[in-house]
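Undergrad: Sequence first, predicted model second:
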Amino acid sequence: MIKNISNLGDAALYCDFGKDVNKDINTQVIKYFKTIQKKNISGVNNITPSYNKLIISFDLKKINFNKLKKIIDNIEINKGDSIQNKKFEIPVCCEKEFSLDIKRLEKKLKIKEEKIYESFFEKEFFCYMTGFIAGMPFLGDLDENLRAKRLDTPRVKVPKGSIGLTEQFANIYTFESPGGWNIIGNTPLNIFDSTKEKEPNLINPGDLVTFKRISKEKYQNYHE
């Protein structure tokens, strides 16, 4: 549950759920996020969930901090309520040209390449949040034996569709961008589509994701 509500600048409310980063706390964040969305509170213009925080931006001409805080304080979230999870299977090609950091991970983790992939592809991931770049899902939780730090020197360009690992999370680069995650493959699937104004993200907080290994031929012909 929310531990503290405070101001964030002049027109945003900051809901703090604690310092821990885990599925239970994030589930509470997502429940509040979805409940507030459904309420269509007058003056609220944006709601941004993260691992353990929720930021609610508002229009000062329509509502103020105290009124909004009172509404949030009175929201009832039942512990037994479940999130309506969507499930996605994401195709991934792990050919050498796409698995930029698999050899680095072998050395860092002291695990053979195939064991890394075996653990990764057997895992069901939970989407904690999206962000950094539009629609990028942060997916937890990696098994302990797959957790590695970011690259010492981030890449200037990480290819769109790259699958990255860092610490307890996996992610999918929705655009070519700078980044320091350990890249182990690439998906031909479009994870973010700006032409879909209402739902541009394929994967949203609370969704469940598994990955499926595909050949280079299937990768190249995926959209045909």
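TA: That came in fine, so what should we check first? Numbering: from 1, shown residues only.
Undergrad: List the buried residues of stretch 154-163.
TA: For stretch 154-163, the neighbour count (16 or more other Cβ atoms under 10 Å) marks 155, 158, 159, 160, 161, 162, 163 as buried. Using the backbone N, CA and C atoms, a C-beta is placed for each residue, glycine as well.
Undergrad: and those residues as TSV, adding distance to residue 24, secondary structure and pLDDT?
TA: Output for these, formatted as TSV (distance: Cβ to Cβ, whole Å; DSSP: H, G, I helix; E, B strand; the rest coil; pLDDT from 0 to 100):
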residue	distance to residue 24	secondary structure	pLDDT
155	33	strand	97
158	31	strand	98
159	34	coil	97
160	33	coil	97
161	31	coil	98
162	29	strand	98
163	26	strand	98
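Undergrad: CSV for those, including distance to residue 53?
TA: CSV is the format used below for the buried residues of stretch 154-163 (distance: Cβ to Cβ, whole Å):
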residue, distance to residue 53
155, 28
158, 26
159, 30
160, 28
161, 28
162, 26
163, 26
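Undergrad: now the residue of the chain positioned farthest from its centre: how far from residue 11?
TA: Most distant residue from the mean C-alpha position of the chain: residue 61, 32.3 Å away (Cα atoms, centre = their mean). To residue 11, residue 61 is 10 Å away according to Cβ to Cβ, to the nearest Å.
Undergrad: residues bridging contact with those two, i.e. touching both?
TA: Listed contacts common to residue 61 and residue 11 are nil; contacts here mean Cβ atoms under 8 Å, 6 or more residues apart in numbering.
Undergrad: re earlier: state the pLDDT value of the residue farthest from the centre of the chain.
TA: pLDDT for residue 61: 95.
Undergrad: Would you mind giving both backbone torsions of it?
TA: Note on residue 61: backbone dihedrals following degrees, to the nearest 10 are phi -80, psi -20.
Undergrad: Quick check: it vs residue 43, distance?
TA: On the measure of Cβ to Cβ, residue 61 and residue 43 end up 8 Å apart.
Undergrad: Kindly check the end-to-end length of stretch 8-22 for me.
TA: Stretch 8-22 has an end-to-end distance of 24 Å (criterion: Cα to Cα, to the nearest Å).
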